[in-house]
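**Student:** Coordinates only, no sequence provided:
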Ligand SMILES: Cc1cc2nc3c(=O)[nH]c(=O)nc-3n(C[C@H](O)[C@H](O)[C@H](O)COP(=O)(O)OP(=O)(O)OC[C@H]3O[C@@H](n4cnc5c(N)ncnc54)[C@H](O)[C@@H]3O)c2cc1C
């Protein structure tokens, strides 16, 4: 068991730190959560800076350990989060890299890396959430095109996306997992209508996407026709395995800020509050170590995010909600004031046990795939 | 960064597991339950020979010369197997109390207001005078309560009392009868390790390791039972409510594992405090969930589940419980 980093890894860290110290002060101010064009420009601009400095592909081609260092250092320095680049960098990109043709990789990957295009994920439907394989958005073959009709929901960043990684049903007669196909759909295609949905935090983070006879070229299909479920599993394992690592660092920073606030407010004498924060610190220390353990496992197994991702996601999403519950206690009556720090974060954190597979679904995955319990119905 | 077991560490773990399965299998476990307070001296010496107590002593002092990560793996296995006896106190006394390292001397230690295995010990660290036996909740851990407030009694100074020689230890395959191991005048008092201000981080870490062993074992027991037990025409493990209990057992155990192993590597008191908090929760809540999965069987004396829960409770009280760790971490946060 070795927690120390190799010299070249420490060098990578030192160079990254230096670069961050140099560029972060030059960043423009953060746009407001309601300003979608502003957010898009800000997030893409940051990705472009990463590209110019040689860090753009760190999510794809760096070793798991270097990725970990990247996420740790950018978060510690307060650098922007992936934001609107999330799907491109962490879902669609890796899927195209793993399953796409050389032509598809050349067409779609460079604009993601250079911070030129935003992708969104059109998986969930009104009647297909946890039971994703029951999706009904229909794609009918017509010459060199698929003609797509149906609707998607909870599509994050749909309003500002150029592309959508879309799951469609190409064979309604086949068993449900075998009639699904993965398509890259341009969001400006005719027949695509985006209707923003306001989250409980007040801002329009996701949208409904209506598809009415949208023509998507067959050339935009990644993987074989009706093989989309397998292609999707690649994407989902990336999502669960690697998407939240840097946020553990962010949580530990919030915890220190909470302790400072509690002290400034003269609440540090309350043993219950103090120990609650102490226990949360234990929790995030452990989650950080679990991350390092998972990264070491991934490193040993050739970079594939393993089942450890579900274990991590379950614990992390719960812990992060607990963090903001503790924040509410520190804030006292101010926890009802949207202008106070952490109040919006507390609202956002409510989605962590739902998005990217609910906690119930994750537990079932752990029980059946890791513990090998018999499959339920 | 290679935060996984090395080949040597994996071999050590496998070796200890094999040793404990051979020397302290289910039959021996249940025999121990039926003879509370009796310590198997033969087994104790076998543990000594295997390096259980001398593990971290330098080789030049006759020890094995391994570090905390290895000690953690060994104590995890001990916890998993429900191995009885004052393992921690004796391990910590190796190199200080003669005979502790080899397993000749059984050492107990006053821990706050409690002492485990006082009557069976040849030597006790700390002042156990006036200690009163409890009717211990755990059939595998006899307990005494020290009535004087901790720290109030003067620590005995002077030369370390020589513990009984090997002649006090019965030889042969038969386990010692209780009177052969409890010295009539009470165990010999030895001063506590002067550098180990309570709670000693190493003691905290190794306690966490034992809890981790319990956490892993109760997860296995729950899963085994969930696969085997049939109700409504299917294994109960096919029911989601049961699946989710099992999943949470694993999540708690694996999160605790990462924390405990990392703390063994860094030896940082805050990391150790965190590991202890996670491991206590994983063991105590894990044992309770395991009991739930077992249904009525879980409520019996016959099933081993209660032994895990009770031992987890005993360990969770060490060092005065979890408040100290939470306070230590809080102080680090605010510092
Ligand atoms: C902030 C946010 C962003 C999102 N972004 C996207 C996106 O960009 N693209 C996209 O495609 N999707 C996105 N989603 C959708 C997300 O993946 C789904 O919300 C999620 O998979 C759950 O589906 P559902 O909402 O239909 O809930 P349901 O599946 O209806 O679940 C409702 C409840 O039933 C429980 N449940 C359902 N089935 C079972 C079962 N078999 N066993 C036990 N309990 C069960 C669930 O755990 C939950 O508690 C986003 C969601 C959120 C909250």
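**Tutor:** Alright, I've got the coordinates. Keep in mind that this is a model prediction, so the values were computed, not measured.

**Student:** ranges for the helices of chain A?
**Tutor:** With DSSP state H applied, chain A shows helices at A:7-23, A:36-52, A:58-61, A:64-76, A:86-87, A:93-99, A:102-113, A:228-242, A:245-264, A:271-300, A:308-331, A:343-349, A:359-365, listed in chain order.

**Student:** nearest to residue B:81, of these?
**Tutor:** Across the helices of chain A, the minimum distance to residue B:81, taken as C-beta to C-beta, is reached by helix A:271-300, at 23.8 Å. All C-beta atoms are positioned from the backbone trio N, CA, C, and that covers glycine.

**Student:** pull the helix or strand with minimum mean pLDDT from chain B.
**Tutor:** The element with the least model confidence among the helices and strands of chain B, by mean pLDDT, DSSP states H and E, is helix B:178-181, at a mean of 34.

**Student:** returning to that earlier point: in a markdown table: the helices of chain A, plus mean pLDDT, distance to chain B and mean neighbour count.
**Tutor:** Formatted as a markdown table, these follow (pLDDT from 0 to 100; distance: least, C-beta to the nearest C-beta, whole Å; neighbours: other C-beta atoms under 10 Å in any protein chain shown):
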| stretch | mean pLDDT | distance to chain B | mean neighbour count |
| --- | --- | --- | --- |
| helix A:7-23 | 97 | 7 | 14 |
| helix A:36-52 | 96 | 23 | 19 |
| helix A:58-61 | 84 | 16 | 18 |
| helix A:64-76 | 91 | 5 | 21 |
| helix A:86-87 | 92 | 25 | 23 |
| helix A:93-99 | 91 | 22 | 21 |
| helix A:102-113 | 97 | 26 | 16 |
| helix A:228-242 | 73 | 13 | 21 |
| helix A:245-264 | 92 | 4 | 19 |
| helix A:271-300 | 93 | 4 | 22 |
| helix A:308-331 | 94 | 5 | 21 |
| helix A:343-349 | 94 | 18 | 17 |
| helix A:359-365 | 94 | 4 | 20 |
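
**Student:** Can you add distance to residue B:237 and give the ones you listed back as CSV?
**Tutor:** Listed next are the helices of chain A as CSV, based on distance: least, C-beta to C-beta, whole Å:
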stretch, distance to residue B:237
helix A:7-23, 42
helix A:36-52, 44
helix A:58-61, 37
helix A:64-76, 32
helix A:86-87, 36
helix A:93-99, 33
helix A:102-113, 42
helix A:228-242, 23
helix A:245-264, 31
helix A:271-300, 25
helix A:308-331, 17
helix A:343-349, 32
helix A:359-365, 11
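
**Student:** From the recorded domain assignment, give the ranges for chain A.
**Tutor:** Here the domain parsing of chain A from automatic domain parsing is A:7-113, A:119-226, A:240-370.

**Student:** avg pLDDT for stretch B:38-52?
**Tutor:** Per-residue pLDDT values across stretch B:38-52 average out to 96.

**Student:** on that earlier part again, can you put the domains of chain A in a markdown table and add distance to residue B:134?
**Tutor:** What follows is the domains of chain A, written out as a markdown table (distance: least, C-beta to C-beta, whole Å):
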| stretch | distance to residue B:134 |
| --- | --- |
| domain A:7-113 | 48 |
| domain A:119-226 | 50 |
| domain A:240-370 | 27 |
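
**Student:** Select, out of these, the one closest to the ligand.
**Tutor:** Closest approach to the ligand among the domains of chain A is made by domain A:119-226 (1.6 Å; C-beta to the nearest ligand atom).

**Student:** At which residues are the strands of chain B located?
**Tutor:** B:107-111, B:114-116, B:123-125, B:132-133, B:143-145, B:188-190, B:230-231, B:234-235 (DSSP state E).

**Student:** what packs against the second one?
**Tutor:** Right, strand B:114-116. The helices and strands touching strand B:114-116, judged by 3 or more C-beta pairs under 8 Å, 6 or more residues apart in numbering or on different chains; DSSP states H and E, are strand B:107-111, strand B:143-145.

**Student:** closest one to chain A among the ones you listed?
**Tutor:** Chain A sits nearest to strand B:107-111 of all the helices and strands packed on strand B:114-116, at 20.8 Å, using C-beta to the nearest C-beta.

**Student:** Direction included, what does the closest one pair up with?
**Tutor:** Each strand pairing with strand B:107-111, determined using DSSP bridges, is listed with its direction: strand B:114-116 (antiparallel), strand B:123-125 (parallel).

**Student:** for the residue lying closest to residue B:284 once chain neighbours are set aside, what are its contacts?
**Tutor:** Using C-beta to C-beta, 6 or more residues apart in numbering or on different chains and skipping residues adjacent in sequence, the residue nearest residue B:284 is residue B:312, 4.7 Å away. When contacts are counted by C-beta atoms under 8 Å, 6 or more residues apart in numbering or on different chains, residue B:312 is found next to B:211, B:214, B:280, B:283, B:284, B:286, B:287.

**Student:** Repeat that for residue A:174.
**Tutor:** residue A:226.

**Student:** From residue A:15, how far off is it?
**Tutor:** Here the criterion is C-beta to C-beta, to the nearest Å. By it, residue A:174 lies 51 Å from residue A:15.

**Student:** Spatially central residue in chain B, please.
**Tutor:** When chain B is reduced to its mean C-alpha position, the closest residue under C-alpha atoms, centre = their mean turns out to be residue B:210, at 4.8 Å.

**Student:** since we're on the nearest residue to it once chain neighbours are set aside, how many residues are nearby?
**Tutor:** Taking C-beta to C-beta, 6+ apart as the measure, residue B:210 lies nearest to residue B:79, with 3.3 Å between them; neighbours along the chain are not counted. Residue B:79 is surrounded by 28 other residues when neighbours are defined as other C-beta atoms under 10 Å in any protein chain shown.

**Student:** does residue B:79 really touch residue B:209, like I thought?
**Tutor:** Yes - contact status for residue B:79 versus residue B:209: in contact at 6.6 Å, counting by C-beta atoms under 8 Å.

**Student:** re earlier: what about the residue nearest to residue B:284, distance to chain A?
**Tutor:** According to C-beta to the nearest C-beta, to the nearest Å, residue B:312 and chain A sit 17 Å apart.

**Student:** nearest to the ligand, of the contacts of residue B:312?
**Tutor:** Within the set of the contacts of residue B:312, residue B:286 lies nearest the ligand; the separation is 22.0 Å, counting by C-beta to the nearest ligand atom.

**Student:** What count of nearby residues applies to the closest one?
**Tutor:** Other residues within reach of residue B:286 by the criterion other C-beta under 10 Å amount to 31.

**Student:** and what of residue B:58?
**Tutor:** 11.

**Student:** Please consider this matter closed, and thank you.
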